[in-house]
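S.K.: Turn this into a structure:
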Amino acid sequence: MTLVNCYFLKTGEIPLQPAHLIGFSHAYRPVNQLIKQNTLLIDLTKTEEQLLNDLHRTNRKQIRQAAKHDFQIEVLDRPTLANIREFQKFYNEFAKHTNTYKCGAFHIKTMELLMESSNLIITRIISSGNSEILAYQVYINDEETAFSLYSASHFRLKDNAIDKRMLSIASRYLFWQSILYFKRRKNLVYDMGGLTTNENISSFKIEFGGEITEVYSGYEATSILGKLVLFGRMIKLRKG
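M.R.: The predicted structure is shown next:
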């Protein structure tokens, strides 16, 4: 059975190759029975000043404060499998304390395929004083869109208010610097990766500006074999 993953499908576009099953991620037009979701799209054709003005005042304040800290931004535009494994370890520690799904073998394989096609970019922020990685972001990137696939920090692992405050500033600063990085790369759109039912996460994302837009994700079967696979997947999910 063949599976094709299709990212950011736009009006008038069709998947480039035939397959029994097509996986759609953040299609900008509806396809059959895909699941609708809201996301935030930031227009990277705006000037840096305009993008800064679109931020909530709290973000602007914390970004200015970040300059007082000894932060280092790293961009891995050609990540290795070792980089992906290092992120997985960091993310799964984050997931334990946030009641979210861990990054497993399927997710690693997805990132590995994206890495092989040069569509995976990892950014991270490090405390230069002790070389501690404070936050990670993982992106799917094409010629137009930078899509935030994962974002994680160890905010909940910190015990005192000063460390929590530092991580809050670091996370926002990493988002901001990543936005500017993709602007410099001539990407047109920065996709915040979807708004969830978690009000804290959605509020955090909305504070970066952007336009709320409907996107569609899921699978479409184009053959009997594909339909059987989808049916089996649905039964597995119901059983947990």
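
S.K.: Helix or strand: which one has the residue lying closest to L149 once chain neighbours are set aside?
M.R.: Among residues not flanking L149 along the chain, V138 sits closest, at 4.7 Å (C-beta to C-beta, 6 or more residues apart in numbering). C-beta coordinates here come from the backbone N, C-alpha and C atoms, glycine included. Element membership for V138, per DSSP states H and E: strand 132-141.

S.K.: now what about that strand, what contacts it?
M.R.: For strand 132-141, contacts defined as C-beta atoms under 8 Å, 6 or more residues apart in numbering pick out 7, 25, 71, 87, 90-91, 111, 114, 119-127, 146-154, 166-167, 170-171, 174-175, 178, 182, 185, 187.

S.K.: Of the residues you listed, select the buried ones using a ChimeraX command.
M.R.: Command for ChimeraX, covering only those of the contacts of strand 132-141 found buried under the criterion 16 or more other C-beta atoms under 10 Å:
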select :7,25,71,87,90,91,111,114,119,120,121,122,123,124,125,126,127,146,147,148,149,150,151,152,153,154,166,167,170,171,174,175,178,182,187
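
S.K.: so where's this protein uncertain?
M.R.: 1, 11-18, 32, 156-158, 230, 233-240 (pLDDT under 70).

S.K.: picking that back up, give the burial count for the residue nearest to L149, as a bare number.
M.R.: V138 has 26 neighbours, counted by other C-beta atoms under 10 Å.

S.K.: Surely L174 is in contact with I73?
M.R.: Yes: using C-beta atoms under 8 Å, L174 makes contact with I73 at a distance of 6.7 Å.

S.K.: what's the overlap in contacts for these two?
M.R.: With C-beta under 8 Å, 6+ apart as the test, L174 and I73 both reach 123-125.

S.K.: Return the set of buried residues in stretch 105-115.
M.R.: 107, 110-111, 114-115.

S.K.: My error: substitute stretch 73-88 in the last question.
M.R.: Result for stretch 73-88 [16+ other C-beta under 10 Å]: buried residues 73, 75-76, 79, 83-84, 86-88.

S.K.: now what about that stretch, what contacts it?
M.R.: Contacts of stretch 73-88 (C-beta under 8 Å, 6+ apart): 103, 107-108, 111-112, 115, 118, 120-126, 136, 138, 150, 173-174, 177, 181.

S.K.: Pull the contacting residues for T58.
M.R.: Here T58 is in contact with E207 (C-beta under 8 Å, 6+ apart).

S.K.: whoops, L188 was the one
M.R.: Residues in contact with L188 (C-beta under 8 Å, 6+ apart) are 43-45, 144-145.

S.K.: Over to S127?
M.R.: S127 neighbours (C-beta under 8 Å, 6+ apart): 69-72, 134, 166, 170.

S.K.: Mind checking which of those residues are in helices?
M.R.: Counting by DSSP state H, these place 166, 170 in helices.

S.K.: Right, I'll call it a day here.
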